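Enquirer: Structure for this input, please:
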Amino acid sequence: MRLLAVGDLHLTYAANRAALEALAPHPEDWLLVAGDVAESMERIVDGLAALVQRFARVIWVPGNHELWTEGPSGLRGVARYEELVRRCRELGVLTPEDEFATWPADGSLIAPCFVGYDYSFAPEGLDPEAARDWAREQGIVCTDEYRLHPDPHADMVQWCHHRVATTEARLARMPPDASAILVAHWPLRQDLVRLFRIPRFSPWCGTRLTEDWHLRFPVQVAVTAHLHMRSTDWRGGVRFEEVSLGYPRHWRRERGLGHYLRQVLPGPEAPPDGEAGPLWHP
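Expert: Coordinates of the predicted model:
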């Protein structure tokens, strides 16, 4: 029995859908899905349904692509997220709105988190608009600016801060002797955002409000995606796993999707000084 993880399945791409269709069943394993399954509501649901058929349990968090509005009359913001949660519950998929699951092998709590970003992963002192301007200086504008709507919140910053407060309250209720696996789409620490080709994309990659969560709460592993750069890092004795599959150019089709399922538990021991990485996963 293993706890596995993957993110950024991006099932809009035919190659990624074919990889999922070819994935062998894992009837004893659980799967953490760290967001960006697809953009279309129906494709998201179909993809999660396929995973439910292959794994003993599936736990999902949204990424930015799931939250994009489809067409001028599509659901926006919180309403779209709530519809995704409803569809997941129909499938038996655990969401950030459900009680934390207990990993049967050792009693660890699995905490799916939907937090978002507030443009603070940028040079010190830049407000959100200045951070976006800083990115535009190199021609970088995230598609979220056109397709991800925060309704009824005023902007993404407000929605992110609401989600941070909501999630922190849930995490604070964990017993102090708990051992938790956090699952999120966006990275939880700015120093783990390594974007060598587009470094100024970082404002859309998280919030500084989560940078000390691994120290404030009883966390043993944090699982995230979004970057399409698979890695393992250690900070303060806590393991950080980036588990993206990515677009077809980011993975090798001959290896199949099974190759890219990261084993979260059982996992390795922490390094002696509690700090290490990155260990890249090709």
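Enquirer: Mind listing what's buried along the helix or strand encompassing V78?
Expert: Counting by DSSP states H and E, the element that carries V78 is helix 77-91. Neighbour counts over helix 77-91 (16 or more other Cβ atoms under 10 Å) mark G77, V78, R80, Y81, L84, V85, R87, C88 as buried. Placement of C-beta: from N, CA and C, glycine included.
Enquirer: and the residues you listed as TSV, adding pLDDT?
Expert: What follows is these, written out as TSV (pLDDT from 0 to 100):
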residue	pLDDT
G77	97
V78	98
R80	97
Y81	98
L84	98
V85	98
R87	98
C88	98
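Enquirer: Which of the residues you listed sits closest to A130?
Expert: G77 (24.0 Å; Cβ to Cβ).
Enquirer: Contacts only, for that closest one.
Expert: Counting by Cβ atoms under 8 Å, 6 or more residues apart in numbering, G77 touches L67, H149, P150, D151, P152, H153, W159.
Enquirer: still on that earlier bit, centre of the chain versus the helix holding V78, how much separation?
Expert: Relative to the chain's own centre, helix 77-91 is displaced by 16 Å; criterion: Cα atoms, centre = their mean, to the nearest Å.
Enquirer: Could I get the full set of helices for the stretch 51-200 of the chain?
Expert: Counting by DSSP state H, counting those that start in this stretch, one finds helices in the stretch 51-200 of the chain at the ranges 77-91, 128-136, 144-147, 156-172.
Enquirer: hmm, back to that, between helix 156-172 and the helix holding V78, find me the angle.
Expert: 40 degrees (axes from the mean of the first three to the mean of the last three Cα atoms, to 10 degrees).
Enquirer: that older thread, of the contacts of G77, buried ones?
Expert: The neighbour-count test (16+ other Cβ under 10 Å) marks L67, H149, P150, H153, W159 as buried among those.
Enquirer: Just give me the neighbour total for the residue lying closest to the first one once chain neighbours are set aside.
Expert: It stands for L67. Once flanking residues are discounted, L67 sits nearest to L148: 5.3 Å by Cβ to Cβ, 6 or more residues apart in numbering. L148: 22 surrounding residues under other Cβ atoms under 10 Å.
Enquirer: I'd say L148 and D155 touch.
Expert: No: with contact defined as Cβ atoms under 8 Å, L148 and D155 do not form a contacting pair (10.8 Å).
Enquirer: quick one: contacts for A22?
Expert: Going by Cβ under 8 Å, 6+ apart, the list of residues near A22 reads G256, L257.
Enquirer: Just read off the phi/psi values of it.
Expert: Here is the backbone geometry of A22 (degrees, to the nearest 10): phi -90, psi -10.
Enquirer: Let's see the pLDDT reported for it.
Expert: Looking at A22, its pLDDT stands at 98.
Enquirer: any idea how far it lies from D36?
Expert: A22 is 20 Å from D36, where distance means Cβ to Cβ, to the nearest Å.
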